[in-house]
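Trainee: Let me see the structure of the following:
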Amino acid sequence: MTAIETRGLTKRFAGGRFGRSEPVVAVDDLDLTVEEGTVFGFLGPNGAGKSTTINLLLDFIRPTAGEARLFGMDANTDSTAIADRIGVLPEGYGFDGSLTAREYVDWTVRTKGARDDPGEILSTVGLADAADRPVDGFSTGMRQRLAFGMALVGDPDLLLMDEPSAGLDPNGIQRIREIVRERAANGTTIFFSSHVLGEVEAVCDRVGVMNEGELVAVDTIDELRRRVGRGTTIRVECAPVPDPAGVTSLDGVHEAERDDQTLVVRCASAGDKVDVVRHLADRTTVRNILSSPVALEELFNTYTEGGRDEGVGGGGVGRHSAGRDGDTVDDIGAERDDAESTEVSQ
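Mentor: Coordinates of the predicted model:
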């Protein structure tokens with residue numbers, strides 16, 4: 001079953017924001033499908049429309065055109081029923097510092113009509129020792145853990161998270177990863193935007209990459225690596241080092257070169273490494289093998305052409321058939337709650 005589906009989802013805001021007179025397109029004709037049980041990472045430079053999309057899914061703002069459906073229900077007309085099945089971790093959750101962590105979780109439990117034990121929730125996110133402390137004494141990371149714990153109340157079918165690791169130390173990031181894996185293994189769908197590429201690679205089944213107002217790619221990380229032709233690099237120490245030309249003749253090998261007593265081979269996918277090693281083992285003595293995939297940062301830069309934090313950049317690697325989603329560079333602020341902005345009719 002489909003957990004998230006958008007068709008033609010579009011959001012425009014009137015001009016006048018950030019010194020611009022023309023309308024701002026935050027989400028443009030987005031078609032996106034996320035199946036149940038998937039851990040889906042939403043990537044893109046600042047202002048790419050990621051948070052706007054999440055706000056549309058949550059009915060925090062209304063679309064200019066198109067529709068969004070969660071578990072087959074309309075995000076606008078069925079928002080109350082949807083709320084019973086989802087947990088939300090927004091970016092920059094605001095807390096009243098006079099309340100304790102336990103009081104916040106208890107309030108969430110009562111609001112959702114759930115039966116969770118607040119103490120157990122706080123223990124899950126590593127706040128058991130701070131359960132009865134006022135939140136105004138919490139660090140940024142502790143507040144993020146608390147917000148995440150509140151999102152877990154009621155064992156939601158779908159977790160929507162915007163920059164879930166913001167403000168967390170390495171231990172906090174690792175704990176969130178573990179919880180995401182546990183929940184996903186039990187069938188929970190996870191949808192989150194993030195700038196922490198290692199976090200995405202560690203837990204995601206599929207990712208969507210956005211750039212310049214477009215969803216330029218949707219697939220597994222391995223498949224995205226294969227598409228750009230830089231799937232994985234293997235370094236084989238051998239003696240003697242054979243002619244690289246023999247290796248480049250293999251299917252799935254893009255290039256090979258000598259480096260002292262090592263042959264460096266760039267393959268399209270991880271599976272092609274086996275053929276390389278077998279080929280070399282028949283012709284020389286293999287002493288050591290080192291393998292590493294192309295860094296996700298490099299992959300991200302390939303699809304976004306380095307991002308556009310300093311201005312509107314190039315056109316990326318082309319529009320993906322799955323749809324489009326994005327905003328102008330001036331719409332970075334509009335990615336937060338845009339409810340006060342004036343909408344522009346289609």
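Trainee: ok, now which ones touch residue 127?
Mentor: 101, 142, 145-146, 149 (C-beta atoms under 8 Å, 6 or more residues apart in numbering). Every C-beta, even on glycine, is put in place using the N, C-alpha and C of the backbone.
Trainee: who are the neighbours in contact with the residue nearest to the spatial centre of the chain?
Mentor: Nearest residue to the geometric centre of the chain (C-alpha atoms, centre = their mean): residue 41, 2.5 Å. For residue 41, the contact set (C-beta under 8 Å, 6+ apart) comprises 192-194, 200, 203-204, 206-208.
Trainee: Pull up the gap between the nearest residue to residue 239 once chain neighbours are set aside and residue 242, please.
Mentor: If the residues on either side of it in the chain are set aside, residue 239 comes closest to residue 285, at 5.4 Å by C-beta to C-beta, 6 or more residues apart in numbering. With distances taken as C-beta to C-beta, to the nearest Å, residue 285 is found 11 Å from residue 242.
Trainee: Residue 215 now?
Mentor: Per C-beta to C-beta, residue 215 is found 43 Å from residue 242.
Trainee: same question, residue 141
Mentor: 52 Å.
Trainee: Equivalent analysis for residue 102, please.
Mentor: 66 Å.
Trainee: where along the stretch 51-200 of the chain do the helices fall?
Mentor: Counting by DSSP state H, counting those that start in this stretch, the stretch 51-200 of the chain has helices at residues 79-83, 101-112, 118-124, 140-152, 170-185, 197-203.
Trainee: Mind putting these into TSV with mean neighbour count, distance to residue 219 and mean pLDDT?
Mentor: TSV is the format used below for the helices of the stretch 51-200 of the chain (neighbours: other C-beta atoms under 10 Å; distance: least, C-beta to C-beta, whole Å; pLDDT from 0 to 100):
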stretch	mean neighbour count	distance to residue 219	mean pLDDT
helix 79-83	15	27	94
helix 101-112	18	34	96
helix 118-124	19	32	97
helix 140-152	22	27	96
helix 170-185	16	18	92
helix 197-203	18	13	79
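Trainee: Throw those into TSV and include distance to residue 67, thanks.
Mentor: What follows is the helices of the stretch 51-200 of the chain, written out as TSV (distance: least, C-beta to C-beta, whole Å):
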stretch	distance to residue 67
helix 79-83	13
helix 101-112	25
helix 118-124	33
helix 140-152	25
helix 170-185	26
helix 197-203	27
